[in-house]
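Trainee: Below is the sequence, then the predicted model.
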Amino acid sequence: MPTDTADDPYLRARLRVTEDPEGYWLDAARAVDWIQPPTVALDASQAPLHRWFPDGTLNTCFNAVDRHVRDGHGDRPAIIHESPVTETSTTMTYSDLLRAVSVCAGAMRRLGVARGDTVLIYMPMVPEAVVAMLACARIGAVHSVVFGGFAANELAARIDDAAPTLVLSASCGVEPTRIVPYKPLLDAAVAMSTAVPPRCVVLQRPMQTAALDPARDLDWHDFLALGADQPAECVELAATDPLYVLYTSGTTAKPKGIVRDNGGHAVAMTWALPNIFDVGPGEVMWAASDIGWVVGHSFIVYAPLLTGATTVLYEGKPVGTPDAAQFWRVVERHAVKALFTAPTAIRAIRKEDPDGSGAAVARLDSLQTLFLAGERLDPATYEWAGQVLGVPVVDNWWQTETGWPIAANLRGLAPMPIKPGSPTVPVPGFDVRILDTDGREVGPGQEGAICLKLPLPPGCLLTVWGDEHRFRSSYLSAFEGYYATGDGGFVDEDGYLQVMGRTDDVINVAGHRLSTGAIEAVLTGHPAVVEAAVVGVHDELKGQLPHGFITIRSEPAVDREQLRTELVALVRDRIGPVASFRTTTVHQALPKTRSGKILRKVLRDLHDGAAVDVPPTIEDPAVLERIRQELHTR
């Protein structure tokens with residue numbers, strides 16, 4: 001890392017944000033179009049709870065859409081919808097987007113949606129989903145987008161927590177080999193819910209239409225007709241008003257609703273895209289993720305549109321739609337400058353096209369950087385992508401909770417040498433510290449808990465939806481004055497961060513964070529299962545996969561292969577295919593501490609063949625050898 005502050009923009013930014021955070025963030029806020037410009041950056045009066053730009057007012061939708069049209073950029077492409085699964089490609093200009101969002105927002109108002117109400121969006125990767133998000137922001141409603149791959153009970157849990165006034169959905173989603181019926185899942189979720197939404201709007205897709213309940217459901221086009229003659233204007237909102245709720249798996253079966261504000265979020269997104277991803281107005285950003293995840297919220301929707309860039313909305317897979325060259329065709333066709341995806345996607349492409357022939361025949365001169373995040377970037381994937389594409393392959397590390405990178409190689413502000421396996425350095429505003437179990441900061445090269453000294457910068461979570469106690473207990477209680485990321489790692493001698501992995505029971509499957517506790521609850525719901533522990537085990541393609549260790553009843557006798565098949569089906573039904581749950585092993589007993597806690601790290605190491613560090617608190621060390629033998633003979 002550079003050491004001369006005068007000559008290095010990164011060090012200058014980091015020094016100023018440390019010494020004068022108030023001035024730094026008020027300067028950054030000037031990139032946002034405010035109704036009432038803030039005069040105060042940070043309100044710390046209720047620390048450890050913090051609020052950014054407390055006296056400012058604005059509208060996020062105006063900043064993402066209206067102001068670009070106002071400034072003469074209405075003909076600039078805003079959204080390119082690339083859908084190889086439906087063999088369509090369409091473009092919406094900023095003027096097109098303004099008309100669509102205004103009408104959708106007007107229709108929401110006609111259905112009674114008001115400022116502060118929640119709207120749940122359960123849709124595939126179609127432009128209407130982005131329109132719905134922005135329409136909520138336009139009228140001050142709080143959107144909660146749920147990934148379309150979740151099963152009915154997972155959707156029901158989010159409906160119950162968010163208590164939406166309106167649900168926007170679609171008849172189906174489209175995948176390379178099948179149609180996913182969304183409407184039956186929505187109907188089942190509503191039937192399970194206690195917070196039953198009064199109205200549901202359904203986008204009927206030609207691949208599969210759905211029956212509508214005339215007492216509750218409304219066709220999307222009939223819904224839009226309600227707002228056609230009364231399009232909604234932007235409302236003035238406090239910077240501290242919530243923009244959205246996004247659920248992330250917690251260490252219990254109940255998901256946590258991460259709350260993001262309007263003002264801090266707008267400032268963070270407007271700062272992040274040019275400084276971290278080196279994308280500016282009129283340039284093309286493609287985050288090959290889903291709007292149901294935080295990457296989709298931040299870098300498919302809000303950051304590109306707030307910046308005035310063009311965003312690619314992709315409905316498809318990295319392979320099979322139709323082949324492993326599809327990513328490179330999209331980059332070529334739309335002159336993509338920055339591609340952001342997960343290492344899983346690159347591993348899938350590499351598996352199908354190990355020589356990189358698809359990239360070799362595409363014209364990729366527009367592509368300047370491949371950004372990878374969502375899981376640990378392994379050296380083989382890093383090296384292959386760099387050789388095939390001939391551009392920098394850049395890791396970055398962050399969480400749903402932070403909303404933007406904690407550590408990154410800031411390609412727009414100050415590009416740095418790349419160290420494979422490291423996301424590089426802390427982003428200005430994130431004060432990263434490595435703490436030991438007693439909360440003491442450790443030195444370079446020493447591993448510990450990765451924590452962020454409070455306050456968090458703009459754009460991070462405000463609280464957990466409807467549960468401030470859970471916010472404090474989940475994130476702020478482990479170390480006083482710090483946000484605990486739940487990851488372990490160290491900072492090396494050059495100031496580069498090394499992230500070693502999770503310290504809780506949330507696993508990362510192809511970039512999707514899933515609660516092992518939720519999967520365990522499904523497994524133990526089977527009548528034959530006595531006890532279950534689920535751990536994330538290494539997988540070459542997806543980074544991690546859940547593996548179940550179970551004990552079963554001795555009577556009546558159980559067909560173990562049939563049981564495994566039933567457990568896979570149960571997890572698929574209750575968690576969703578996104579869990580990729582496929583393997584279970586049956587054991588006489590599971591290793592535990594004397595207090596009864598299952599030693600999940602030990603199980604993971606046993607499965608992966610790693611050296612096992614036997615804790616002194618183990619109740620019966622002989623259990624470990626039995627499990628090792630049982631794994632070996634499965």
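Mentor: Yep, that arrived. Numbering: from 1, shown residues only.
Trainee: can you give me how far stretch 307-323 is from the chain middle?
Mentor: What separates the centre of stretch 307-323 from the centre of its chain is 16 Å, taken as Cα atoms, centre = their mean, to the nearest Å.
Trainee: let me fix that: stretch 59-68
Mentor: Stretch 59-68 sits 23 Å away from the centroid of its parent chain (Cα atoms, centre = their mean).
Trainee: can you give me the helices in the stretch 151-300 of the chain?
Mentor: In the stretch 151-300 of the chain, the segments counted as helices under DSSP state H, counting those that start in this stretch are 152-162, 182-192, 220-228, 263-276, 294-295.
Trainee: For the shortest one, what does the pLDDT average out to?
Mentor: Spelled out, that is helix 294-295. Confidence over helix 294-295 (mean pLDDT, whole number) is 95.
Trainee: helix or strand right after that helix?
Mentor: helix 303-307 (DSSP states H and E).
Trainee: mind listing what whichever helix or strand comes after that following helix pairs with, with the direction of each?
Mentor: Downstream of helix 303-307, the first helix or strand assigned by DSSP H and E is strand 310-314. Using DSSP bridges, strand 310-314 pairs in its sheet with strand 77-83 (parallel), strand 284-287 (parallel).
Trainee: could you dump the helices of the stretch 151-300 of the chain to JSON lines with mean neighbour count?
Mentor: C-betas here are computed from N, CA, C, even on glycine. Converted to JSON lines, the helices of the stretch 151-300 of the chain look like this (neighbours: other Cβ atoms under 10 Å):
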{"stretch": "helix 152-162", "mean neighbour count": "22"}
{"stretch": "helix 182-192", "mean neighbour count": "19"}
{"stretch": "helix 220-228", "mean neighbour count": "16"}
{"stretch": "helix 263-276", "mean neighbour count": "27"}
{"stretch": "helix 294-295", "mean neighbour count": "23"}
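Trainee: want to throw these into TSV with distance to residue 345?
Mentor: Conversion of the helices of the stretch 151-300 of the chain to TSV gives the following (distance: least, Cβ to Cβ, whole Å):
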stretch	distance to residue 345
helix 152-162	23
helix 182-192	23
helix 220-228	30
helix 263-276	20
helix 294-295	12
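Trainee: Mind checking these for the one nearest to residue 48?
Mentor: Evaluated over these, closeness to residue 48 peaks at helix 263-276, with 15.7 Å, by Cβ to Cβ.
Trainee: Output that closest one as PDB, restricted to C-alpha atoms.
Mentor: Provided in PDB are the C-alpha atoms of helix 263-276 (Å, rounded to 0.1, in the frame of the first residue of the first chain):
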ATOM      1  CA  GLY A 263     -29.900   9.900   2.400                       C
ATOM      2  CA  GLY A 264     -26.900   7.900   3.500                       C
ATOM      3  CA  HIS A 265     -27.700   5.300   0.900                       C
ATOM      4  CA  ALA A 266     -27.800   7.800  -1.900                       C
ATOM      5  CA  VAL A 267     -24.500   9.400  -0.900                       C
ATOM      6  CA  ALA A 268     -22.800   6.000  -0.500                       C
ATOM      7  CA  MET A 269     -24.000   4.600  -3.900                       C
ATOM      8  CA  THR A 270     -23.100   7.800  -5.700                       C
ATOM      9  CA  TRP A 271     -19.600   7.700  -4.200                       C
ATOM     10  CA  ALA A 272     -19.100   4.000  -4.700                       C
ATOM     11  CA  LEU A 273     -19.700   3.500  -8.400                       C
ATOM     12  CA  PRO A 274     -17.100   5.900  -9.800                       C
ATOM     13  CA  ASN A 275     -14.500   5.500  -7.000                       C
ATOM     14  CA  ILE A 276     -14.600   1.700  -6.500                       C
END
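Trainee: in stretch 325-334, what's buried?
Mentor: Neighbour counts over stretch 325-334 (16 or more other Cβ atoms under 10 Å) mark 325-332, 334 as buried.
Trainee: still on that earlier bit, mind checking the helices of the stretch 151-300 of the chain for the one nearest to residue 257?
Mentor: helix 152-162 (5.6 Å).
Trainee: angle of that closest one against helix 182-192?
Mentor: 60 degrees (axes from the mean of the first three to the mean of the last three Cα atoms, to 10 degrees).
Trainee: Only the C-alpha atoms, please, for helix 152-162, written as CSV.
Mentor: Provided in CSV are the C-alpha atoms of helix 152-162 (Å, rounded to 0.1, in the frame of the first residue of the first chain):
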residue,chain,number,x,y,z
ALA,A,152,-43.4,-20.5,0.1
ASN,A,153,-42.6,-20.8,3.8
GLU,A,154,-39.6,-18.5,3.4
LEU,A,155,-41.7,-16.0,1.5
ALA,A,156,-44.4,-16.3,4.2
ALA,A,157,-41.8,-15.4,6.9
ARG,A,158,-41.0,-12.2,5.1
ILE,A,159,-44.6,-11.3,4.5
ASP,A,160,-45.3,-11.7,8.2
ASP,A,161,-42.3,-9.6,9.2
ALA,A,162,-42.8,-6.8,6.7
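Trainee: That one - contacts with which helices or strands?
Mentor: For helix 152-162, the packing partners by 3 or more Cβ pairs under 8 Å, 6 or more residues apart in numbering; DSSP states H and E come out as strand 118-122, helix 182-192, strand 242-248, strand 256-261.
Trainee: got those as CSV, with mean pLDDT and distance to residue 142 columns?
Mentor: As requested, those are exported to CSV (pLDDT from 0 to 100; distance: least, Cβ to Cβ, whole Å):
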stretch, mean pLDDT, distance to residue 142
strand 118-122, 98, 5
helix 182-192, 96, 19
strand 242-248, 96, 5
strand 256-261, 96, 8
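Trainee: For residue 361, which of these is the nearest?
Mentor: The nearest among the helices and strands packed on helix 152-162, by Cβ to Cβ, is helix 182-192 at 36.2 Å.
Trainee: Figure out how far the closest one is from the centre of its chain.
Mentor: 23 Å.
Trainee: Next, the residues that contact it from outside, please.
Mentor: Here helix 182-192 makes contact (Cβ atoms under 8 Å, 6 or more residues apart in numbering) with 122-124, 148, 150-153, 155-156, 159, 167, 169-173, 196-197, 200, 202, 210-211, 213, 216.
Trainee: quick one: which of those sit in strands?
Mentor: By the criterion of DSSP state E, membership of the contacts of helix 182-192 in strands covers 122, 167, 169-170, 172-173, 200, 202.
Trainee: Same list (the helices and strands packed on helix 152-162) but as a markdown table, adding distance to residue 516.
Mentor: Formatted as a markdown table, those follow (distance: least, Cβ to Cβ, whole Å):
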| stretch | distance to residue 516 |
| --- | --- |
| strand 118-122 | 24 |
| helix 182-192 | 23 |
| strand 242-248 | 14 |
| strand 256-261 | 15 |
